[in-house]
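Participant: The following comprises the amino acid sequence and a computationally predicted model.
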Amino acid sequence: MRMLILHVDYFSSTITKKGRSKIIEDWDPRRTITTQEALLILTSVERQDEPHPIETSEKAADEIARLAHQLKVNTIVLHPFAHLFSNLSDPEIAVETLKLTEQELIQHGFTVFRTPFGWFNTLELKAKGHPLSRVARTI
């Protein structure tokens, strides 16, 4: 799993239309996710993660939680983002891993928003500008 983590003042995601993925999660296209003061996790599940979705999600959640605690952030946004990465996993495994990561983060006590897999959307964000405001991680 690869993650590009942004510490944001503001984030909003609005669905525009179904994507080209063979997996399209159920979602009300009129619903917009909006939050403030959060970690935005642009994430991609990769082929090598497929045999171990539970372990991958636990490690990802631990890494996200560590950074969130360091930055005193209580809200996490998980956003599927395959555009920067190659060697992608099967979409079913990606969705499973993201759901597991979401549950792990909730168990860590975070408020978690997960944008739906398989949709195009508009993104609006305002990122902070400190040394840990943009972090890349590979799990």
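Facilitator: Thanks, I have the structure now. Numbers count the residues shown, from 1 in each chain.

Participant: Tell me the bridge partners for residue 79.
Facilitator: Beta-bridge pairing for residue 79 (DSSP bridges): residue 42.

Participant: Identify the residues contacting it.
Facilitator: Taking Cβ atoms under 8 Å, 6 or more residues apart in numbering, we find residue 79 in contact with 13, 40, 41, 42, 43, 114, 115, 123. The way it works is simple: take the backbone N, C-alpha and C, and place the C-beta from them, glycine included.

Participant: ok, the second one - contacts?
Facilitator: Read that as residue 40. Taking Cβ under 8 Å, 6+ apart as the criterion, residue 40 is in contact with 5, 6, 7, 8, 11, 77, 79, 125, 127.

Participant: Looking at the contacts of residue 79, state which has the most neighbours.
Facilitator: residue 41 (28 neighbours; other Cβ atoms under 10 Å).

Participant: And the helices in the chain?
Facilitator: 53-71, 91-107 (DSSP state H).

Participant: Check the offset of the longest one from the chain's centre.
Facilitator: Pointing back at helix 53-71 there. The chain centroid and the centroid of helix 53-71 are separated by 11 Å under Cα atoms, centre = their mean, to the nearest Å.

Participant: and the angle for that helix with helix 91-107?
Facilitator: 40 degrees (axes from the mean of the first three to the mean of the last three Cα atoms, to 10 degrees).

Participant: in helix 53-71, what counts as buried?
Facilitator: 53, 56-61, 63-65, 67-68, 71 (16 or more other Cβ atoms under 10 Å).

Participant: The shortest one now?
Facilitator: By 16+ other Cβ under 10 Å, the buried positions in helix 91-107 come out as 91, 93-102, 104-105.

Participant: Just the CA trace of stretch 78-95, in CSV.
Facilitator: Taking C-alpha atoms only, stretch 78-95 is exported to CSV below (Å, rounded to 0.1, in the frame of the first residue of the first chain):
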residue,chain,number,x,y,z
LEU,A,78,-9.3,7.7,3.2
HIS,A,79,-9.4,8.5,-0.5
PRO,A,80,-8.7,5.8,-3.1
PHE,A,81,-6.1,7.3,-5.4
ALA,A,82,-4.5,5.0,-8.0
HIS,A,83,-3.3,7.8,-10.2
LEU,A,84,0.2,8.1,-8.8
PHE,A,85,1.0,4.5,-8.4
SER,A,86,1.5,1.4,-10.6
ASN,A,87,1.1,-2.3,-10.0
LEU,A,88,-2.4,-2.0,-8.6
SER,A,89,-4.2,-4.7,-6.7
ASP,A,90,-7.4,-6.3,-7.8
PRO,A,91,-10.2,-3.8,-7.1
GLU,A,92,-12.1,-6.2,-4.7
ILE,A,93,-8.9,-6.5,-2.6
ALA,A,94,-8.4,-2.8,-2.7
VAL,A,95,-11.9,-2.1,-1.3
